[in-house]
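**Student:** One predicted model, sequence on top.
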Amino acid sequence: MKSLLRNLFLATLVILAINTACHAEDNSKKKIVDLTHVLTSSQPDFQLGEESFHYTALKTLAKDGYAIGSFCTAEHYGTHIDAPSHFAQGQPSIDEISADKFILPCVVIDVRKEVESNPDYCLTVDKIKAFERGGKIPKGSAVLLCTGWSDKWTDVKAYRNADDKGVMHFPGFSDEAADYLVSTREVAALGIDTLSIDYGASHDYPVHSHALAKGIFMIENLDNLSQLPARNATLYCGPLKIKGGTGSPARIICVLPEGVNWKKRIFQMGMNVLF
């Protein structure tokens with residue numbers, strides 16, 4: 001009798017599992033986060049006063065029956081990629097970087113608390129090692145620094161944060177931290193949600209000089225980094241393939257880890273119980 005009840009119970013559980021699997025929402029769909037600011041002529045620029053971006057409507061639907069426009073932009077404007085040739089002689093220009101290098105795993109180091117009390121904060125090796133208690137940073141990955149600075153994007157003055165002498169104050173990577181990541185962890189890219197990988201008050205840009213000389217690329221003016229997990233996401237970078245370019249505005253998106261596929265999970269649970 002007990003055996004019969006047990007079998008009935010198991011059979012009922014399997015039926016419920018299969019029924020739930022057929023109707024449950026599939027949460028395995030990948031979530032995509034856009035890390036790119038929209039290009040406009042009124043956004044923050046490293047060199048204030050330069051007209052780094054301009055868009056002109058050449059034809060309109062109302063007048064011409066079709067729409068077309070032209071744009072002129074600086075290479076290092078908006079959300080953009082710095083090619084190694086930006087600071088390093090003999091290193092690849094933006095068109096010479098292999099396309100397969102623009103799809104890579106990424107990790108996100110969150111330093112928003114440190115930046116709250118110090119806008120000149122620079123990522124330290126100790127902070128990286130503390131982050132790595134949760135797992136070693138993978139070789140060939142992109143390390144993105146979430147400073148929270150992108151929240152200031154719509155306020156040019158606050159984003160540049162220049163003092164009375166014109167010196168900007170915003171966070172970045174320290175030279176030591178960048179060297180640790182590039183030389184010891186062999187990462188492929190560094191990224192940040194500020195105007196520069198080097199902190200704002202830098203005059204000689206050591207991170208650019210040293211890291212780009214080792215063949216990595218950099219991504220600046222990222223957005224929405226707070227929406228990313230610390231690990232296990234994939235970065236997709238789409239710069240323009242400019243002949244000899246030292247950089248390019250780029251569409252940067254991140255694909256987050258897949259969620260749990262409950263249809264598959266519940267079905268497997270039912271099969272495991274039955275057999």
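**Tutor:** Right, received. Where do you want to start?
**Student:** Could you tell me whether Ala250 really is in a helix?
**Tutor:** No - judged by DSSP: H, G, I helix; E, B strand; the rest coil, Ala250 forms no part of a helix; its state is strand.
**Student:** For it, give the beta-bridge partners.
**Tutor:** Pro239 (DSSP bridges).
**Student:** Next one: it from Asp179, what distance?
**Tutor:** The gap separating Ala250 from Asp179 is 25 Å, by CB to CB, to the nearest Å. (Each C-beta comes from the backbone N, C-alpha and C, glycine too.)
**Student:** what's the answer for Leu123, then?
**Tutor:** Counting by CB to CB - Leu123 and Asp179 are separated by 11 Å.
**Student:** just the helices in the protein please.
**Tutor:** Ranges of helices in the chain, per DSSP state H, are 2-23, 61-64, 112-117, 125-131, 156-160, 175-179, 206-212, 262-274.
**Student:** could you say what helices and strands the fourth one packs with?
**Tutor:** Right, the one you point to is helix 125-131. strand 103-110, helix 175-179 (3 or more CB pairs under 8 Å, 6 or more residues apart in numbering; DSSP states H and E).
**Student:** Arrange these in a markdown table, one row each, with mean pLDDT and mean neighbour count as further columns.
**Tutor:** What follows is those, written out as a markdown table (pLDDT from 0 to 100; neighbours: other CB atoms under 10 Å):
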| stretch | mean pLDDT | mean neighbour count |
| --- | --- | --- |
| strand 103-110 | 98 | 20 |
| helix 175-179 | 98 | 21 |
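**Student:** Distance to Gly238 for these - can I get that in JSON lines?
**Tutor:** Output for the helices and strands packed on helix 125-131, formatted as JSON lines (distance: least, CB to CB, whole Å):
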{"stretch": "strand 103-110", "distance to Gly238": "10"}
{"stretch": "helix 175-179", "distance to Gly238": "24"}
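**Student:** so which of the ones you listed comes closest to Ala62?
**Tutor:** Among these, strand 103-110 comes nearest to Ala62, with 40.0 Å by CB to CB.
**Student:** Kindly export that closest one (C-alpha atoms) in CSV.
**Tutor:** Extracted C-alpha coordinates of strand 103-110, given in CSV (Å, rounded to 0.1, in the frame of the first residue of the first chain):
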residue,chain,number,x,y,z
ILE,A,103,33.9,40.4,-27.7
LEU,A,104,35.3,39.5,-24.3
PRO,A,105,34.3,38.6,-20.7
CYS,A,106,34.2,41.5,-18.3
VAL,A,107,34.4,42.2,-14.6
VAL,A,108,33.1,45.3,-12.8
ILE,A,109,34.9,46.7,-9.8
ASP,A,110,32.6,49.1,-7.8
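**Student:** Describe which strands that strand pairs with in its sheet and in which direction.
**Tutor:** Per DSSP bridges, strand 103-110 is paired in its sheet with strand 142-146 (parallel), strand 233-239 (antiparallel).
**Student:** what's in contact with the first one?
**Tutor:** For strand 142-146, the external contacting residues (CB atoms under 8 Å, 6 or more residues apart in numbering) are 104-112, 123, 137, 171-173, 181, 185, 187-193, 219, 222, 225-226, 228, 235.
**Student:** least reliable of the helices of the chain going by mean pLDDT?
**Tutor:** With a mean of 44, helix 262-274 has the lowest mean pLDDT of those.
**Student:** Break this structure down into its structural domains.
**Tutor:** Here the domain parsing of the chain from automatic domain parsing is 2-27+262-274, 32-255.
**Student:** per-stretch mean pLDDT over those, give me the minimum one.
**Tutor:** domain 2-27+262-274 (a mean of 48).
**Student:** Kind regards, and thank you for your time.
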